[in-house]
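Visitor: show me the folded form of this:
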Amino acid sequence: MLKHGVSGDIIGTTNAGEKILVEVQQKKDKFFRDRVQYYLSRVIENQVHVNEKYELPRIYFLGLLDFEMFPEEPAEYIHHVDEMCHGKKFFPKIQKVFVEIDKFFELENAGTTHDDNSEAAQWLRALKAIIKEEPAPEKILQNETFQHLINSVKLINFAEELFNAEVKNMTDLRAEHEEGLAEGRELGQAEGREQGLSEGREQGLSEGREQGLSEGRELGQAEGELKRAREIAAKMLAKNKPVEEIVEFTGLTESEIHAIESTP
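Guide: Residues are numbered from 1 along each chain as shown. Prediction:
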């Protein structure tokens, strides 16, 4: 049974009452992992509301990704993600599986998955034939389920109006809006930092020049005053004025005056 109105592309129920949530993600986005948690929380909330109890069925999330989400595992295209505690699954009723479709195609082209005859690999080969609109492998066509799938979902079988409507419905406007806001904030922060650094450098240079000029003027003035005081002290020594009087008059120390006195 399939339902609409719950976040995610498809939500289904198995004969055993287990929930399956399928999300097809075509591009990498900053908040995809957040949305996965949100979608699962909606399913959980709905189950508690309908069944009026907290006992949950098994819930499976299947993410079909058209981008690389796990670059640290280049040879793996199926990833089981669980919360772990002391080496055990914390809540095994919720299982998240992510399939990197494009990575599988790359491994297939490289011959790495040539001997992979798992059911998941067969499904991906069937999907590849549909997406690329190319002939499916003979082994796929021998399977009635895959043959029916391929014949049923060929784009040529969709009326243009229906196809456009389905594509429009698959667009998550909220996700695109949030992604655009995040990119805008990052760009704005980067430009702001650059502008701030530039203005800071200019202000720093200006303040540095002003401070340097000020200190230079003060230093020059001090040196000029010291030179004048020494000249006066030399004249007073020549007139045999007492050292104490010269100190009081010029502001020089006794040692400075004695140094002038000993200079030929």
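
Visitor: just the element for residue 255, please.
Guide: helix 254-261 (DSSP states H and E).

Visitor: mind giving me the packing neighbours of that helix?
Guide: Counting contacts by 3 or more Cβ pairs under 8 Å, 6 or more residues apart in numbering; DSSP states H and E, helix 254-261 packs against helix 173-238, helix 243-250. In short, each C-beta sits where N, CA and C put it, glycine included.

Visitor: which elements pack onto the first one?
Guide: Using 3+ Cβ pairs under 8 Å, 6+ apart as the contact criterion, the secondary-structure elements in contact with helix 173-238 are helix 243-250, helix 254-261.

Visitor: could you dump those helices to JSON lines with mean neighbour count?
Guide: Below are the helices and strands packed on helix 173-238 laid out as JSON lines (neighbours: other Cβ atoms under 10 Å):
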{"stretch": "helix 243-250", "mean neighbour count": "15"}
{"stretch": "helix 254-261", "mean neighbour count": "14"}
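
Visitor: of the helices and strands packed on helix 254-261, which stretch is the most buried?
Guide: Comparing the helices and strands packed on helix 254-261 by mean neighbour count (mean count of other Cβ atoms under 10 Å), helix 243-250 comes out on top with a mean of 15.

Visitor: and the angle for that one with helix 254-261?
Guide: Per axes from the mean of the first three to the mean of the last three Cα atoms, to 10 degrees, the angle that helix 243-250 makes with helix 254-261 is 100 degrees.

Visitor: distance from the chain centre to helix 243-250, please.
Guide: Helix 243-250 sits 73 Å away from the centroid of its parent chain (Cα atoms, centre = their mean, to the nearest Å).

Visitor: and the angle for that helix with helix 173-238?
Guide: Going by the same axes, to 10 degrees, helix 243-250 makes 140 degrees with helix 173-238.

Visitor: output helix 243-250 as CSV - backbone C-alpha positions only.
Guide: Extracted as CSV, the C-alpha positions of helix 243-250 are listed here (Å, rounded to 0.1, in the frame of the first residue of the first chain):
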residue,chain,number,x,y,z
VAL,A,243,76.4,71.6,38.9
GLU,A,244,73.3,71.8,41.1
GLU,A,245,72.2,75.0,39.4
ILE,A,246,72.8,73.5,35.9
VAL,A,247,70.7,70.4,36.9
GLU,A,248,67.9,72.6,38.1
PHE,A,249,68.0,74.8,35.0
THR,A,250,68.4,72.2,32.2
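
Visitor: adjust the sequence numbering to begin at 302 for everything that follows.
Guide: Renumbered: residue one is now 302, and that last one reads helix 544-551.

Visitor: picking up where we left off before, closest to residue 340 out of the helices and strands packed on helix 474-539?
Guide: Among the helices and strands packed on helix 474-539, helix 555-562 comes nearest to residue 340, with 85.2 Å by Cβ to Cβ.

Visitor: what distance separates that closest one from the centre of its chain?
Guide: Centroid separation for helix 555-562 versus its chain: 71 Å, with Cα atoms, centre = their mean.

Visitor: what about residue 386, distance to residue 393?
Guide: Distance, residue 386 to residue 393, by Cβ to Cβ, to the nearest Å: 11 Å.

Visitor: quick one on the thing from earlier: do you know which of the helices and strands packed on helix 474-539 lies nearest residue 440?
Guide: Across the helices and strands packed on helix 474-539, closest to residue 440 is helix 555-562 (Cβ to Cβ), at 104.1 Å.

Visitor: need the residues that contact that closest one.
Guide: Residues outside helix 555-562 that contact it (Cβ atoms under 8 Å, 6 or more residues apart in numbering): 531, 534-535, 538, 544, 547-548, 551, 553.

Visitor: excluding residues flanking it in the chain, which one is nearest residue 430?
Guide: In this structure, residue 430 finds its nearest non-sequential neighbour in residue 437, 3.7 Å apart by Cβ to Cβ, 6 or more residues apart in numbering.

Visitor: where does that neighbour sit: helix, strand or coil?
Guide: coil (DSSP: H, G, I helix; E, B strand; the rest coil).

Visitor: burial count for it?
Guide: For residue 437, the count of nearby residues is 20 (other Cβ atoms under 10 Å).

Visitor: show me what contacts it?
Guide: 426-427, 430, 447, 451.

Visitor: buried ones from those residues, can you make that a PyMOL selection?
Guide: Buried residues among these (16 or more other Cβ atoms under 10 Å), as a PyMOL selection:
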select buried, resi 426+427+430+447+451
